[in-house]
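Colleague: Here is my input, please return the structure:
(one chain, ligands or ions: 2)
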Amino acid sequence: MPPTPDLDELLAAAHVVTLPLRVRFRGVTEREAVLLRGPYGWAEWAPFTEYADADAARWLAAAVEAGWGGLPAPVRDAVGVNATVPAVPAHDVEQVLARYDVRRTAKVKVAETGQSLADDLARVREVRRVLGPAARVRVDANGAWSVDDAVRALTALAPLGLEYAEQPCATVADLAALRLALARAGVDVPVAADESVRRAEDPLEVARRGAADLVVVKAAPLGGVARALEIIEQAGLPAVVSSALDTSVGLALGVRLAAALPVLEHDCGLGTGALLAADVVADPLVPVGGGLTLARADAARAAVDPGALTAYRGDAGRESWWRARLARAHALLPAS
Ligand SMILES: O=C(O)CCC(=O)c1ccccc1C(=O)O
Ligand SMILES: [Mg+2]
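Modeller: Ligands and ions are numbered 1, 2, ... in the order given. From the prediction side, this is the model:
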């Protein structure tokens, strides 16, 4: 990792933005982010607002890597991506999918608070109908199911054809128990770990305990591209690189991680640029022909638009909130 820049330098490099979403996602209709212009290029720092300072510090280490250091060398020049379908009513699915130039793979949010298994079934069925029998369809429950709920839901969803279930249950112990229960029930749905990697004290516990078939990895929460590569290697499981609902700058760093992985067998969750109604570049990094190229990612990261930073600048209250948070996160990084 590069040495940590002084706080004054980070504050001088920071632009707080509030970007509108096209559809509600994770309970929010706006995404706040801090764009940082470092000597090595633009970086993004956008830890979710509810995350603790210790988490926010890891996201800051990732931004420092991108803006003040270097990134690992790529081994491929393009990555396939999935469409991401929020927990919308089934009748909105076609319209959501129409925003993506992606037909091979979709990830569908399920187990949303206030919704039922029938809602999930209807949404996934509609995704399958729109994309056809050859599409890969994965679901993401964000840890909302108990083991019993998950067995019930995945038994019902499996006949629709699932590539995998992402974070069906919250804890590593429950993920492990679910894998056994699914095997006993003869339900062949692989389990992917997301929050159990991204938010865990120990991101490798899930692999050590045999609690997942694959890992979903986001660069920023793990402290950067190099650190994420290390964790994937140590986990010894197939990885899917995903976004944290990033701007095009964060998505470009996700592409750099996906492009540096020695093995990449799955489409990545890097299509979420299509969920933003505004971005920090004039030509947003949204998938074309089902994928993203390294060349487009690097170009997007180099093309942050000062006009957009001004147009979507966070209001004074949010600006000072983020700057204070930046100071707290910076204090948790090793001094240079
Ligand atoms: O993986 C994808 O398709 C998109 C990214 C995504 O779903 C996501 C985005 C922001 C926060 C959490 C998540 C998640 O995977 O749970
Ligand atoms: Mg997830």
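Colleague: alpha carbons only for contacts and neighbour counts from here, please
Modeller: Will do.
Colleague: quick one: the helices in the stretch 51-200 of the chain?
Modeller: If DSSP state H, counting those that start in this stretch is used as the criterion, the helices of the stretch 51-200 of the chain fall at 53-68, 93-98, 117-131, 147-157, 172-185, 195-198.
Colleague: need the next SSE after the last one, C-terminal direction.
Modeller: By that I understand helix 195-198. Moving toward the C-terminus from helix 195-198, the next helix or strand (DSSP states H and E) is helix 205-208.
Colleague: and Glu44, what does it touch?
Modeller: The contact partners of Glu44, taken as Cα atoms under 8 Å, 6 or more residues apart in numbering, are Ala33, Val34, Leu35, Leu36, Ala63, Thr247, Val249, Gly250.
Colleague: would you turn those into a markdown table with distance to Arg26 and secondary structure?
Modeller: Shown next, in a markdown table, are those (distance: Cα to Cα, whole Å; DSSP: H, G, I helix; E, B strand; the rest coil):
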| residue | distance to Arg26 | secondary structure |
| --- | --- | --- |
| Ala33 | 15 | strand |
| Val34 | 19 | strand |
| Leu35 | 21 | strand |
| Leu36 | 24 | strand |
| Ala63 | 23 | helix |
| Thr247 | 16 | coil |
| Val249 | 20 | helix |
| Gly250 | 18 | helix |
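Colleague: Close to ligand 1: what parts of the stretch 51-200 of the chain are there?
Modeller: Counting by Cα under 6 Å from any ligand atom, the stretch 51-200 of the chain comes close to ligand 1 at Thr84, Lys107, Asn142.
Colleague: tell me the contacts of the second one?
Modeller: Lys107 makes contacts with Asn82, Ala83, Thr84, Val85, Val137, Arg138, Val139, Asp140, Gly269, as judged by Cα under 8 Å, 6+ apart.
Colleague: wait, the first one sits on Val102?
Modeller: Yes - with contacts counted by Cα atoms under 8 Å, Asn82 reaches Val102, the gap being 6.6 Å.
Colleague: Those two: who's more crowded?
Modeller: Counted by other Cα atoms under 10 Å, Asn82 and Val102 do not tie: Asn82 has more neighbours, with 28 against 22.
Colleague: Give the closest residue to the residue nearest the centre of the chain in space, chain neighbours not counted.
Modeller: For the chain, the residue nearest the mean C-alpha position is Ser243 (2.5 Å; Cα atoms, centre = their mean). The shortest distance from Ser243 to any non-neighbouring residue, by Cα to Cα, 6 or more residues apart in numbering, is to Leu270 (5.2 Å).
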